[in-house]
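> This is a predicted model, with the sequence first.
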Number of protein chains: 2
Amino acid sequence: LPAASALAGRVLAGEVKAAARLMRGLDDGLPEARRALRELHPHTGRAFVVGLTGAPGAGKSSLADWLVRRLRALGRSVGVVAVDPSSPFTGGAILGDRIRMQGHALDPGVFIRSMATRGHLGGLSPATADVVAVLDAMGKEVVLVETVGVGQDEIEVASLAHTVVLVTVPGLGDDVQAIKAGILEVADVFAVNKADREGADRVVRDLQQMLELRRAVAARPGLEHGRRHHMRDGAAREPVDATLWEPPIVKTVALRGDGIASLWQAVERHRAQLEGTDLGRLRACARARAHFVALLRERLLAGALERLEAEQGRLDELAARIAAREADPFQLAEELAARLTA
Amino acid sequence: LPAASALAGRVLAGEVKAAARLMRGLDDGLPEARRALRELHPHTGRAFVVGLTGAPGAGKSSLADWLVRRLRALGRSVGVVAVDPSSPFTGGAILGDRIRMQGHALDPGVFIRSMATRGHLGGLSPATADVVAVLDAMGKEVVLVETVGVGQDEIEVASLAHTVVLVTVPGLGDDVQAIKAGILEVADVFAVNKADREGADRVVRDLQQMLELRRAVAARPGLEHGRRHHMRDGAAREPVDATLWEPPIVKTVALRGDGIASLWQAVERHRAQLEGTDLGRLRACARARAHFVALLRERLLAGALERLEAEQGRLDELAARIAAREADPFQLAEELAARLTA
């Protein structure tokens, strides 16, 4: 790996190879890569980050593919981060739809990065934020972050994206009921994909009802706890403010590219809304806070576990004593944390 | 709340009201409740904890309901923890199937606890492990932990349960392809629910193929990285060892209770396998380790953020400076962590 500042300089100049090398270096945990990322930080914060999320099989990859085409037609440079729940034994190959995106492989205005999570099971890998930062620093105007699954990922993408698009489809179990409530509340735009299928109108109606319920609740005073969502570890995210923004519902058929222009328009309207109000500033703070807390948590725990092993012996042996009820995990955790943070 | 030791004593005696009060106290973060939990810890580790996981709409609640009936018929006492992605504005009411479980409300041998996650979005709340510990201490022989969603929850339930049952159904998008690879690898038993539907046999065949692939990979030397999965923060979980245990696939129709006896038999066979081999001991250590690391992480971060606010001013203001690129989050996190854990 080249020295940090040389590498950072080449990424800032938009060099694709340098960006790819930096991402690999970050994956491998190279200190030089982390230093380069730090040098890039003051140059980040310009890209518009859009999260695409929803259940498996909703067609997120196809939508991402069409959004990239649309953005390229509008002359924008694009980065795509696909967060894949890969398996070490398949190398993530069971989700083959990533391949469709390869149509953009020859376009220098598009940079696609698939996150193979390497044994980090579930959830957005901390490295996702790093990859977004690299794409941002290399000058990509729009970064699409696609997450697979219905769970923590979707919530966490809200701590990374300016605008979150929740992709639903008709015929997924109990439809809207199958959407986790927490995800509904971080969605800024809804895409009802496969809208040519039976049941699409019912999904739209159900979503409208949910949004009306949300507006009714938001209009009642004294319900502050329903309006601000706490991410893991106290980082907060300003939710959709029902009085400022009514999440639009856009029908799409990703298979043939229907509704893509409308979907992007809805996203752009949300962006304008963020830029014109306090909400955008509040969300920028929440994103910065979530990123910082994640960095701090990672480094703290690593340091504390190292120190614990130095004092108490191997963590696995300690775990064996805890499992045998010979050691008290509450006391150990409290004592160590109190000692370290006093 | 009664004093910690009095409350702990009543829970150990199996008093339902005391257990419910303790759980509420833990929810509210009362120090007396945490002290009671600590007193209970030496008396835990006896319950057999079974995780029930799978996509929304797979019928996990109905299966849990039938398993409870089966266990009661076998004379076992049962605890159920239902982890619900509740929303503050609906109180979780959109997932109404919890109500079905209320048929057991008058049975003193069954204790059901629904986890309303109170703004903690996604993922298993740290409190889930606490509730399992209380049920364990009060003498429940079997504890079922039901998690909703397809994501981090399912992986985390593996750090809590002795045996993980993955519930699948025909007709959910691309079926097996829609199952996250990581979840496949923590499943000890597969239930193919709604097995009277078209496509059930295909799901069984697909699962069999996946398992065969896994066995083939496991048999190749030098693939250690595929055999041990790291949870968040380095806690590890011994996966299904393909040479020791072949996860059985059981067809069920939860709507009419078909296949429940076979499902429970499969779970019991896995339990016997755990008890007879090193795998059970390794997993107990991994569970203890995951619990301890979670406790440590929680307390460390809280302490560090408190100290940071004392030194640097309000975290929200710090986040605003980070968002404006006036402060460097990498440097701040590294310096603070290094200082605290040196």
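Received the coordinates, thanks.

> from here on, contacts and neighbour counts on C-alpha atoms
Fine.

> low-confidence ranges in the stretch 151-300 of chain A?
Residues of the stretch 151-300 of chain A that meet the criterion pLDDT under 70 lie in A:151-155, A:172-184, A:218-243.

> please redo it, this time with the cut-off set to 80
A:151-158, A:171-186, A:214-244, A:276 (pLDDT under 80).

> mind listing the helices in it by residue range?
Ranges of helices in the stretch 151-300 of chain A, per DSSP state H, counting those that start in this stretch, are A:152-157, A:181-186, A:200-219, A:260-276, A:278-312.

> deepest of those helices, which one?
Using mean count of other C-alpha atoms under 10 Å in any protein chain shown, the stretch among those with the largest mean neighbour count is helix A:152-157, at a mean of 26.

> So which of the helices of the stretch 151-300 of chain A is nearest residue B:107?
When those are compared by C-alpha to C-alpha, helix A:181-186 sits nearest residue B:107, at 30.8 Å.

> what helix or strand is residue A:50 on?
Per DSSP states H and E: residue A:50 is located in strand A:48-54.

> Name the residues that touch that strand?
Here strand A:48-54 makes contact (C-alpha atoms under 8 Å, 6 or more residues apart in numbering or on different chains) with A:60, A:64, A:141-150, A:154, A:157-158, A:160-168.

> One more pass at 6 Å, please.
In this structure, residues lying in contact with strand A:48-54 by C-alpha atoms under 6 Å, 6 or more residues apart in numbering or on different chains are A:142-147, A:154, A:161-167.

> all strands of chain A, in order?
A:48-54, A:78-84, A:110-116, A:142-147, A:163-168, A:189-192, A:229-230, A:236-237, A:249-251 (DSSP state E).

> Save those as JSON lines, and put in mean neighbour count and distance to residue A:215 too.
Shown next, in JSON lines, are those (neighbours: other C-alpha atoms under 10 Å in any protein chain shown; distance: least, C-alpha to C-alpha, whole Å):
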{"stretch": "strand A:48-54", "mean neighbour count": "25", "distance to residue A:215": "22"}
{"stretch": "strand A:78-84", "mean neighbour count": "24", "distance to residue A:215": "32"}
{"stretch": "strand A:110-116", "mean neighbour count": "19", "distance to residue A:215": "36"}
{"stretch": "strand A:142-147", "mean neighbour count": "24", "distance to residue A:215": "27"}
{"stretch": "strand A:163-168", "mean neighbour count": "26", "distance to residue A:215": "18"}
{"stretch": "strand A:189-192", "mean neighbour count": "26", "distance to residue A:215": "15"}
{"stretch": "strand A:229-230", "mean neighbour count": "20", "distance to residue A:215": "16"}
{"stretch": "strand A:236-237", "mean neighbour count": "22", "distance to residue A:215": "18"}
{"stretch": "strand A:249-251", "mean neighbour count": "22", "distance to residue A:215": "15"}
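
> Could you check the pLDDT of the closest residue to residue A:299 other than its chain neighbours?
Nearest non-adjacent residue to residue A:299, counting by C-alpha to C-alpha, 6 or more residues apart in numbering or on different chains: residue B:337, 5.8 Å away. In this model, residue B:337 is scored at 89, pLDDT.

> What's the separation between residue B:337 and residue A:298?
To residue A:298, residue B:337 is 9 Å away according to C-alpha to C-alpha, to the nearest Å.

> same deal with residue A:42?
From residue A:42 over to residue A:298 the distance is 21 Å, taken as C-alpha to C-alpha.

> can you check residue A:139 too?
In terms of C-alpha to C-alpha, residue A:139 sits 28 Å off from residue A:298.

> circling back to that earlier point, would you turn the strands of chain A into JSON lines with distance to residue A:324?
Output for the strands of chain A, formatted as JSON lines (distance: least, C-alpha to C-alpha, whole Å):
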{"stretch": "strand A:48-54", "distance to residue A:324": "42"}
{"stretch": "strand A:78-84", "distance to residue A:324": "37"}
{"stretch": "strand A:110-116", "distance to residue A:324": "36"}
{"stretch": "strand A:142-147", "distance to residue A:324": "39"}
{"stretch": "strand A:163-168", "distance to residue A:324": "45"}
{"stretch": "strand A:189-192", "distance to residue A:324": "50"}
{"stretch": "strand A:229-230", "distance to residue A:324": "35"}
{"stretch": "strand A:236-237", "distance to residue A:324": "38"}
{"stretch": "strand A:249-251", "distance to residue A:324": "54"}
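
> so which of those comes closest to residue B:205?
Of all those, it is strand A:78-84 that lies closest to residue B:205, at 24.1 Å by C-alpha to C-alpha.

> chain center to that closest one: distance?
10 Å (C-alpha atoms, centre = their mean, to the nearest Å).

> cool, stretch A:317-325 as well?
Distance of stretch A:317-325 from the chain centroid (C-alpha atoms, centre = their mean) equals 36 Å.

> which residues are contacting that stretch?
With C-alpha under 6 Å, 6+ apart as the test, stretch A:317-325 has contacts from A:327, B:42, B:285, B:288-289.

> about what we covered before: Throw the contacts of strand A:48-54 into CSV and include distance to residue A:294, thanks.
As requested, these are exported to CSV (distance: C-alpha to C-alpha, whole Å):
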residue, distance to residue A:294
A:142, 23
A:143, 21
A:144, 21
A:145, 18
A:146, 20
A:147, 18
A:154, 16
A:161, 16
A:162, 18
A:163, 20
A:164, 20
A:165, 23
A:166, 24
A:167, 27
